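[1] What shape does this take:
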Amino acid sequence: MREWLIQARKQKGYTQEQVATQCFIDRSYYAQIEKGTRNPSMEVAKKISTALGVNPSTFFNDQYEEPSFLLMLRNSQMVIAYCNLDLEYVWIFNPHEDFESMNILGKRDDEIANNKGTKEIMAFKQEIIDTGMKMRKKIHFPLSEGENTYDVYGEPIRDKNGKVIGVITISLDVTKRSKAKKPPKQKMK
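    The predicted model follows:
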């Protein structure tokens, strides 16, 4: 079962029929691709990838098929996201529980929440796009349970000609680690 493909389709709000129609393939063939009983040709993988905003090489990377790998990612404190040049979310995996994927796609961070953290991550992503460099930064976000700290790694996504077409970020929630490192407050006498 290609859970990542099913999730990508559902995040876009598409049915199997809609994806198949966009890709000029039969719905039953697409269903077999999702189930993992058929592998698409590279041409079909590219069409599906374009429709769903995923990387076509993912179809041919066996490590993504391992249930333990997906289970590990789902249960981690890690958020993986892809934004276009306008900083709009094209794809997101494992967003914080305050947010639903369907309400994030197609929006910028400042359209989802407007705070210091969202402004900082937008500037971070823009700098990656502008410089074409990989970067890493700790960013603090106000969330329902208080302020969370994320260690954010980002790098540009390039087309086959090397032109930057977006940015991918991997954000790890390090709130508990950050709080553990802070020295205890001393009482004043």
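
[2] how many other residues sit next to the closest residue to Asp86 other than its chain neighbours?
    Leaving aside its chain neighbours, Asp86 sits nearest to Arg108 (7.1 Å; criterion: CB to CB, 6 or more residues apart in numbering). From N, CA and C alone the C-beta is placed, and that goes for glycine too. By the other CB atoms under 10 Å criterion, the neighbourhood of Arg108 contains 16 residues.

[3] And the pLDDT at Arg108?
    Arg108 is assigned 92 on the pLDDT scale.

[4] Lys185 now?
    Among the per-residue scores, Lys185 shows a pLDDT of 51.

[5] Kindly report the same for Lys182.
    At Lys182, pLDDT is 50.

[6] Of all the helix elements in this structure, which one is longest?
    Ranked by residue count, the top helix of the chain under DSSP state H comes out as helix 116-131.

[7] Could you list the buried residues of it?
    Within helix 116-131, the residues that qualify as buried are 117-118, 120-121, 124-125, 128-129, counting by 16 or more other CB atoms under 10 Å.

[8] In JSON lines, list these along with distance to Thr50 and pLDDT.
    Formatted as JSON lines, the entries for the buried residues of helix 116-131 read as follows, by distance: CB to CB, whole Å; pLDDT from 0 to 100:
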{"residue": "Gly117", "distance to Thr50": "31", "pLDDT": "91"}
{"residue": "Thr118", "distance to Thr50": "28", "pLDDT": "92"}
{"residue": "Glu120", "distance to Thr50": "31", "pLDDT": "95"}
{"residue": "Ile121", "distance to Thr50": "26", "pLDDT": "95"}
{"residue": "Phe124", "distance to Thr50": "27", "pLDDT": "97"}
{"residue": "Lys125", "distance to Thr50": "22", "pLDDT": "97"}
{"residue": "Ile128", "distance to Thr50": "23", "pLDDT": "97"}
{"residue": "Ile129", "distance to Thr50": "20", "pLDDT": "96"}
